[in-house]
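[1] fold the stuff below for me.
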Amino acid sequence: MVNPQMRIFRVLILIACCSPTIAASQSPYVGMESREIKSLSEDDINQLRNGAGWGLALPAELNGMPGPAHVLELQSALNLSSAQINQIQALFDDMKKDAVLAGEQLITAERDLEAMFASGSVDELTLKSLLSAAERARAELRFIHLSQHYKTPAILTNEQIRLYSQLRGYSGNDPCINVPAGHNPEMYRKHMGCN
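    Reported below is the predicted structural model:
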């Protein structure tokens, strides 16, 4: 016969082991339920509103096509001429203006998607429409950033591009250890497939 205190102890252990609170704390999403837009962090929203790259131009950046924002940051080290600075600044200004607008469109699309799920009234047609709007906004935003990356190398010399890659840390160093200046380390490591 089992001691009544032991029976209570076993029940408490079972409750502790199987408690939804304990199981939920193991989810990587804990804390995200309080976000205004669940799919976007506060940092994501700030980057989108400021026209930041948000990691969308990595195919260009990591294949030798510098972006205007980082070229301007490194203008002294790259020994840019005033003509180069003016041309790069024009690319950056166009990109920033367009990226801010596209970023707001993406935020709005994600907010609309969020609102539908928060209301509990979800249907397939509306879901497809909202997802299409969000993906169109994201694709436009990505195009805006990538398009300025492919235009930038024509303004620079081969030596400036080589130096840019070196200064940004792309000269064969482990990208999971050496995050280049100007990148959000967490997002950069995520995009690079680091653990």
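[2] point to the helix or strand of the protein where mean pLDDT is at its lowest.
    In the chain, no helix or strand scores lower on mean pLDDT, DSSP states H and E than helix 20-24, which sits at a mean of 53.
[3] any idea how far the spatially most central residue of the chain is from residue 136?
    In the chain, the centroid-proximal residue (Cα atoms, centre = their mean) is residue 54; its distance is 4.0 Å. Going from residue 54 to residue 136 by Cβ to Cβ, to the nearest Å gives 16 Å. Quick note: C-beta positions are derived from backbone N, CA and C, even for glycine.
[4] quick one, phi psi at residue 120?
    Backbone geometry at residue 120, expressed as degrees, to the nearest 10, gives phi 80, psi 0.
[5] ditto for residue 41
    phi -80, psi 170.
[6] ok, and the closest non-adjacent residue to it?
    residue 35 (6.8 Å; Cβ to Cβ, 6 or more residues apart in numbering).
[7] what's the neighbour count on that neighbour?
    When neighbours are counted by other Cβ atoms under 10 Å, residue 35 registers 15.
[8] my read: it touches residue 44, true?
    No: assessed by Cβ atoms under 8 Å, residue 35 is found out of contact with residue 44, at 9.5 Å.
[9] ok, which stretches of the protein are helices?
    For the chain, the helices defined by DSSP state H cover 4-18, 20-24, 42-49, 58-61, 68-73, 82-119, 124-151, 158-167, 185-191.
[10] and the last one, what other elements does it pack with?
    Using 3 or more Cβ pairs under 8 Å, 6 or more residues apart in numbering; DSSP states H and E as the contact definition, helix 185-191 packs against no other helix or strand.
[11] was I right to think residue 72 contacts residue 92?
    Yes: in this structure, residue 72 is within contact of residue 92 by Cβ under 8 Å, at 6.0 Å.
[12] okay, those two: which has more neighbours?
    residue 92 (20 against 15).
[13] just checking, the more buried one touches residue 70?
    No: counting by Cβ under 8 Å, residue 92 stays clear of residue 70, with 9.8 Å between them.
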